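> just to be clear, the model below is a prediction. Sequence and coordinates:
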Amino acid sequence: MSFLNIACEKLNNITSDVPDADGKVKIYDDWAETYDEVQIGSGYKGPENAANIFSSYLANTDARILDFACGTGRVAGELFKLGYRNIDGLDASQKSLDVAAKKNIMNELICVWVDDKTLKIASDSYDGLVCVGGFMPGQLHSDCFDEWIRIVKPGGIIVNVLRQQWIDEYPPYANNQLEDDVKKTRAFDEMGTN
């Protein structure tokens, strides 16, 4: 089976076959040791693209960054290649975090399933936050936006990368719903429409 087929099968399992958080975490835990190989082999470029976009908005390589839904640390690895050294990671899969820890590129690793609860992270802790692949059916939803805004300093950068497929097909994201939810956040209210 090709890497692309394996990646598609895992993605299908995560997004449709498993209804609860524990089941989804188990899939990622079981996949952790081969995740990078499969994703790279399948040609997935989300981490590289996100790191490049992120660096174009936040050039200060001393900035404190949170890789949200970091998995095995692929995005952090790309940021590290660009000179960033003050990166923390957050993910629900402890085994994925264990793989990330072996790379020695992130400072703090936080294991938590994110829902609508307040994270145990101080307000205004980060200069930037990047999330790649966390938004898909059954995983992150817009209820985390206010929390992102709380933990990122005013004027900080947030980059969220997700598949166009989910924006087009998944009801909580489709028909501009995700964009509309951003407009309902505290930060958007403070910023206005300018």
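Cool, the structure landed.

> for the biggest helix by length in the chain, buried residues please.
Secondary structure of the chain read by DSSP state H shows that its longest helix is helix 21-41. Neighbour counts using 16 or more other C-beta atoms under 10 Å place 24-25, 27-29, 31-32, 35-36, 38-39 of helix 21-41 among the buried residues. Where you see a C-beta, it was placed from the backbone N, CA and C, and this is true even at glycine.

> report all helices and strands that it contacts.
With contacts defined as 3 or more C-beta pairs under 8 Å, 6 or more residues apart in numbering; DSSP states H and E, the packing partners of helix 21-41 are helix 3-12, helix 94-102.

> send me that helix as CSV with only the CA atoms.
Provided in CSV are the C-alpha atoms of helix 21-41 (Å, rounded to 0.1, in the frame of the first residue of the first chain):
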residue,chain,number,x,y,z
ALA,A,21,-12.1,11.6,21.6
ASP,A,22,-10.5,8.5,23.2
GLY,A,23,-11.0,6.5,19.9
LYS,A,24,-9.5,9.3,17.9
VAL,A,25,-6.5,9.7,20.2
LYS,A,26,-5.9,5.9,20.0
ILE,A,27,-5.7,6.2,16.2
TYR,A,28,-3.0,8.9,16.5
ASP,A,29,-1.2,7.0,19.3
ASP,A,30,-1.1,3.9,17.2
TRP,A,31,0.1,5.9,14.1
ALA,A,32,2.6,8.1,15.9
GLU,A,33,5.8,6.1,15.1
THR,A,34,5.2,6.1,11.4
TYR,A,35,3.2,9.3,11.1
ASP,A,36,6.0,11.4,9.7
GLU,A,37,7.1,8.8,7.2
VAL,A,38,3.5,8.4,5.9
GLN,A,39,2.8,12.1,5.7
ILE,A,40,6.1,12.9,4.0
GLY,A,41,5.8,9.9,1.7
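
> pLDDT averaged over it - what is it?
The average pLDDT within helix 21-41 is 78.

> over to stretch 160-175?
For stretch 160-175, mean pLDDT is 73.

> helix or strand for residue 47, which one?
Counting by DSSP states H and E, the element that carries residue 47 is helix 46-57.

> tell me what angle that helix forms with helix 21-41.
80 degrees (axes from the mean of the first three to the mean of the last three C-alpha atoms, to 10 degrees).

> go through helix 46-57 and flag the buried ones.
Of all the residues in helix 46-57, those buried under the rule 16+ other C-beta under 10 Å are 46-48, 50-51, 54-55.
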